[in-house]
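1. kindly return the folded structure for what I paste below:
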Amino acid sequence: MKTGVIVYGTDSDNPSECATIESIVSFLDARGHKNVRAGFYHGDPGADKVMYEMFEDGVDTFAILPMVLAEGRMSIWLMPEKIHLPDNCGSWTIIDGKDVATRFATALGFDVGIASDILKSIGSPERGKGVILIARGSPLSICEKTVRSYVKFLQEAGWTAECAFMKHGRTIHEVIEDISSKGINDICVVPMFIGPSEKTLDAITGSTSDKGMKINICPKISEFDSFLAALESKIPNGW
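-> Numbers count the residues shown, from 1 in each chain. Take a look at the predicted model:
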């Protein structure tokens, strides 16, 4: 058995995501993990092409790390389908007539280390200040449940906190309307993305420009050491 790891991104046309995934690959290499490569659902290099190239180099057992916050249509069906798995529970596929073992990891989900690092990045609660966690969103409820777990963590630490979504949920504009009625005029916005694009960040700040709010875009969660630790924990020991 020769093992390998695919860090599986969603879109190689997003420079921020590409840079993030390159840093993840470098981190895992430095930690001694073997045969670590990046592949993407959209764009190049495609994850299916990367898997085939690794197979040609002798890798026959793969750990696959999807770069998504919460389980949804992308992680459950679309990303696995591209590498010829029925869903994210698939444990093998066939390349050139040979069985290849796969371990498709779960989405990032709620991680107390990441939640703690978000809290550290925004500091102590202050009167008139609030936090909005913004995610891409999904028609499946698990995405909102995941983000709300982080919101609850911040609320229990004393923050006025809420969540918003780019799609399939309350927009940041709607959340700002709500949070401003509570006397909040200074907001920390935490992007719950692996690599938010400039277009996404522009959309976030544009949604707040007419409200007279002070907005601070906080570090994305993939900048935290806890994020890297959470990903590494999904790789089997010795790989």
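
2. which strands and helices sit next to the longest strand along the chain?
-> Looking across the chain with DSSP state E, the single longest strand is strand 3-11. When contacts are defined as 3 or more Cβ pairs under 8 Å, 6 or more residues apart in numbering; DSSP states H and E, strand 3-11 packs onto helix 15-30, strand 36-42, helix 47-56, strand 61-66. The way it works is simple: take the backbone N, C-alpha and C, and place the C-beta from them, glycine included.

3. for Ile176, find the nearest of these.
-> helix 15-30 (23.6 Å; Cβ to Cβ).

4. tell me the gap between the helix-or-strand element of the chain with minimal mean pLDDT and the middle of its chain.
-> Ranking every helix and strand in the chain by mean pLDDT, DSSP states H and E puts helix 198-206 at the bottom, with a mean of 72. Offset of helix 198-206 from its chain centre (Cα atoms, centre = their mean, to the nearest Å): 17 Å.

5. now do stretch 159-168
-> Between the centre of stretch 159-168 and the centre of its chain there are 15 Å (Cα atoms, centre = their mean).

6. ends of that stretch, how far apart?
-> With Cα to Cα, to the nearest Å as the measure, the ends of stretch 159-168 fall 25 Å from one another.

7. avg pLDDT for it?
-> When pLDDT is averaged along stretch 159-168, the result is 94.

8. ok so, going back, what angle separates the longest strand of the chain from strand 61-66?
-> Relative orientation of strand 3-11 versus strand 61-66 (axes from the mean of the first three to the mean of the last three Cα atoms, to 10 degrees): 30 degrees.

9. mind listing what's buried along strand 3-11?
-> Neighbour-count burial for strand 3-11 flags Thr3, Gly4, Val5, Ile6, Val7, Tyr8, Gly9, Thr10 (criterion: 16 or more other Cβ atoms under 10 Å).

10. just checking: what are the partner strands of it?
-> Strand 3-11 has its sheet partners listed here by DSSP bridges as strand 36-42 (parallel), strand 61-66 (parallel).

11. orientation of the longest one relative to helix 15-30 in degrees?
-> Orientation note: strand 36-42 sits at an angle of 160 degrees relative to helix 15-30 (the same axes, to 10 degrees).

12. show me what strand 36-42 is in contact with.
-> 4-13, 18, 21-22, 24-25, 28-29, 45-51, 53-54, 74, 78-79, 82 (Cβ atoms under 8 Å, 6 or more residues apart in numbering).

13. buried only: go through these for me.
-> 4-10, 12, 18, 21, 24-25, 28, 46-48, 50-51, 54, 74, 79, 82.

14. re earlier: could the helices and strands packed on strand 3-11 go into JSON lines alongside mean pLDDT and distance to Leu119?
-> Shown next, in JSON lines, are the helices and strands packed on strand 3-11 (pLDDT from 0 to 100; distance: least, Cβ to Cβ, whole Å):
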{"stretch": "helix 15-30", "mean pLDDT": "96", "distance to Leu119": "21"}
{"stretch": "strand 36-42", "mean pLDDT": "98", "distance to Leu119": "30"}
{"stretch": "helix 47-56", "mean pLDDT": "98", "distance to Leu119": "34"}
{"stretch": "strand 61-66", "mean pLDDT": "98", "distance to Leu119": "25"}
